[in-house]
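1. model the following, please.
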Amino acid sequence: MSPGLLLNGFAFVTRGSLFSLAIYVLFTLFPVVVGLYMAGRRARLAHWVERAERAEREQALIADRTRAEERARIAREMHDSIAHQVSLVVVHAGALELLANKDPEKAAQAAATIQDVGRGALNELRQMIGVLRSDPTDQAPEPPQPTLQDVEALVSASRDAGLAAELRIEGKRRQLPDHIERAAYRVIQEALTNVHKHAGGSRAAVALTYQPERLAVSVHNSRPAADFRRALPSGGQGLIGLGERVQLAGGDLDSGPLPDGGFRVTATLPAV
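-> Numbers count the residues shown, from 1 in each chain. I've put the predicted structure just below:
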């Protein structure tokens with residue numbers, strides 16, 4: 001066999017082998033490559049779907065937590081404000097019943113106080129219901145909340161309801177952040193409400209002490225009168241909610257009985 005023929009035969013065999021190899025790659029390796037690509041694509045799609053679902057779950061949890069926090073905040077506001085004013089209405093109504101025949105002038109004053117307190121309670125209730133019904137995206141400002149500028153009126157209202165209450169302010173009085181002032185006001189309000197409920201005929205001492213970095217709030221009351229009979233219901237949640245409010249403001253709340261049979265409520269709040 002001539003060398004040229006042998007070379008041509010070798011070239012033919014080589015081309016045939018390359019063609020066979022190409023066919024093998026096309027029908028064997030190519031499906032594997034395509035399968036790996038599709039598997040990777042499915043994995044990426046599954047990962048993206050999982051991320052989207054996780055993000056949706058996280059958003060739902062955040063929304064639920066936000067709604068729960070807002071409900072708790074409104075519940076605290078309703079308890080602290082409405083319960084206090086309703087307690088005053090009940091106290092004045094009891095006084096009105098006793099004074100109706102004995103002292104018509106004082107009875108008329110008690111009736112006027114009941115009207116004023118009841119009207120204030122209704123206004124606050126309407127405001128809170130308006131907040132509950134409002135669109136979450138509405139940027140309208142919330143109704144004004146009480147601050148320590150209103151504490152004299154708060155103590156005076158309790159005094160008008162028959163509670164021997166006094167207010168003492170120590171240190172340099174100054175404007176504090178709204179949430180701190182509101183928390184301090186609510187401490188005093190809830191403590192006075194509890195005195196009306198549980199310690200009728202006692203004396204109450206309210207103290208505000210302004211320090212460089214802290215605000216100390218205290219309400220102490222003596223033991224109730226011997227003939228006092230509790231007529232106002234108590235849900236047992238007032239001090240719990242108050243503790244949550246003070247904690248959210250960065251402060252501490254402490255309460256407990258006194259040796260003379262009275263009760264104390266003290267709070268320390270940041271004043272910077």
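2. spatially nearest residue to residue 239, not counting backbone neighbours?
-> residue 255 (5.8 Å; CB to CB, 6 or more residues apart in numbering). To be clear about C-beta, it is placed using only N, CA and C from the backbone, and glycine gets the same treatment.
3. from residue 42, how far out is residue 36?
-> 11 Å (CB to CB, to the nearest Å).
4. again with residue 271
-> Where residue 42 is concerned, residue 271 sits at a distance of 60 Å (CB to CB).
5. the more surrounded of those two?
-> Taking neighbours as other CB atoms under 10 Å, residue 271 and residue 42 compare with residue 271 leading, 20 against 10.
6. look at the closest residue to that one other than its chain neighbours and tell me its secondary structure.
-> Spatial nearest neighbour of residue 271, excluding adjacent residues (CB to CB, 6+ apart): residue 215 at 4.3 Å. Here residue 215 is recorded as strand under DSSP: H, G, I helix; E, B strand; the rest coil.
7. hmm, residue 215 is touching residue 266, no?
-> No. With contact defined as CB atoms under 8 Å, residue 215 does not count as touching residue 266 (11.4 Å).
8. show me what the residue nearest to residue 271 is bridged to.
-> Per DSSP bridges, the residues bridged to residue 215 are residue 210, residue 269.
9. got the contact list for it?
-> For residue 215, the contact set (CB atoms under 8 Å, 6 or more residues apart in numbering) comprises 176, 180, 184, 208, 209, 268, 269, 270, 271.
10. return the distance of the residue nearest to the first one when sequence neighbours are not counted relative to residue 208.
-> Looking back up the chat, that one is residue 176. Distances taken as CB to CB, 6+ apart put residue 271 closest to residue 176, at 5.6 Å, once the chain neighbours are dropped. Distance from residue 271 to residue 208, counting by CB to CB: 11 Å.
11. residue 216 too?
-> 7 Å.
12. what do you get for residue 105?
-> For residue 105, the distance to residue 208 - CB to CB - is 34 Å.
13. the more surrounded of the two?
-> More crowded of residue 105 and residue 208, by other CB under 10 Å: residue 208, with 18 against 8.
14. is it true that that one touches residue 217?
-> Yes. Between residue 208 and residue 217 there is a contact under CB under 8 Å: 6.0 Å.
15. need the residues touching each of these two.
-> Common neighbours of residue 208 and residue 217, using CB under 8 Å, 6+ apart, are residue 184.
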